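Trainee: What follows is a predicted protein model with its sequence.
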Amino acid sequence: MQFINSVIAASILAFAAAAPTPSPEPQSTYYSPTGGNYIVPKTISQYSVWTGAVNYNTNFGKIFKDGKTTDITTLATFDVPASLAGKTCSLHFVLDNTATVTGSGTFDVFTSQAPATQSTTTWPQGNLRDEHAGRMKAVVGGEATYLDGFPVHAKSFPCPAGYLLAGELVGTGDNINIAWNEYVAGAYISYA
């Protein structure tokens, strides 16, 4: 894929085509935002930064960092239907009132080179973090907002129609805990 600005292109390309193999598997039954056009994650997984372990296809998202124990990030995989060719996608993150947000409440959105496919106890699969695509601030009972001064490539990008889209949500600062039940909250992609 080619884009106008090469710096922006690298981030968008990685976000939009993280896995070049179409997935025939059906969409999950995770959180469903109200209104129109959206895609929810096919899977979410938790990644342990210190060990490289992946807890694959969990129902709970977690973005955690305290400097005492392993950082935990959330890996999200979306199956983007081929019917979205030519549309524009946007990553969103919403929490319900049962979610937890402590510390900074801010997290970075990264693209992944490939989606998580299984649980692991260590590397090599582990984290395949790629390009920084945005920074967001989470709030309990509402939609996270993109923060100024950081990339916002995840906010608007060409829908990678017919492909898997893999990303990672990573805590910022020294103290953060964002936790949610994927059946009632979490990341989703809108399209128009």
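Mentor: All right, it came through fine. Residues are numbered from 1 along each chain as shown.

Trainee: what about residue 89, how many neighbours?
Mentor: 25 (other C-beta atoms under 10 Å). (Each C-beta comes from the backbone N, C-alpha and C, glycine too.)

Trainee: Quick check: phi and psi on the closest residue to it other than its chain neighbours?
Mentor: Using C-beta to C-beta, 6 or more residues apart in numbering and skipping residues adjacent in sequence, the residue nearest residue 89 is residue 159, 4.2 Å away. Per-residue torsions, residue 159: phi -60, psi 130 (degrees, to the nearest 10).

Trainee: my guess is residue 159 meets residue 190, correct?
Mentor: No. Counting by C-beta atoms under 8 Å, residue 159 sits too far from residue 190 to count as a contact (10.1 Å).

Trainee: what residues do those two have in common as contacts?
Mentor: Taking C-beta atoms under 8 Å, 6 or more residues apart in numbering as the contact rule, residue 159 and residue 190 both touch residue 89.

Trainee: out of these two, which sits in the busier spot?
Mentor: More neighbours surround residue 159 than the other of residue 159 and residue 190, with 24 against 16 (other C-beta under 10 Å).

Trainee: Which pLDDT value belongs to that one?
Mentor: Residue 159 is assigned 97 on the pLDDT scale.

Trainee: swap in residue 167?
Mentor: 96.

Trainee: how much space is there between it and residue 118?
Mentor: 18 Å (C-beta to C-beta, to the nearest Å).

Trainee: Comparing the two, which shows the higher neighbour count?
Mentor: Neighbour count, other C-beta under 10 Å: between residue 167 and residue 118, residue 167 has more, with 28 against 9.

Trainee: for the more buried one, which residues make a bridge with it?
Mentor: Here residue 167 shows beta-bridge partners residue 76, residue 111, assigned using DSSP bridges.

Trainee: Then the one 4 residues further on?
Mentor: Per DSSP bridges, the residues bridged to residue 171 are residue 107.

Trainee: residues contacting it?
Mentor: 63-65, 71, 73, 103-104, 106-108, 178.

Trainee: any idea which of these is closest to residue 145?
Mentor: For these, the minimum distance to residue 145 (C-beta to C-beta) is 10.0 Å, reached by residue 106.

Trainee: Which of the helices or strands spans the closest residue to residue 147 other than its chain neighbours?
Mentor: When the adjacent residues along the chain are set aside, residue 147 lies closest to residue 135, with 4.6 Å between them (C-beta to C-beta, 6+ apart). Secondary structure from DSSP states H and E places residue 135 in strand 129-137.

Trainee: In that strand, which residues are buried?
Mentor: By neighbour count with 16 or more other C-beta atoms under 10 Å, strand 129-137 contains the buried residues 129-136.

Trainee: Please identify the pairing partners of that strand and their relative orientation?
Mentor: For strand 129-137, pairing defined by DSSP bridges yields strand 106-112 (antiparallel), strand 145-146 (antiparallel).
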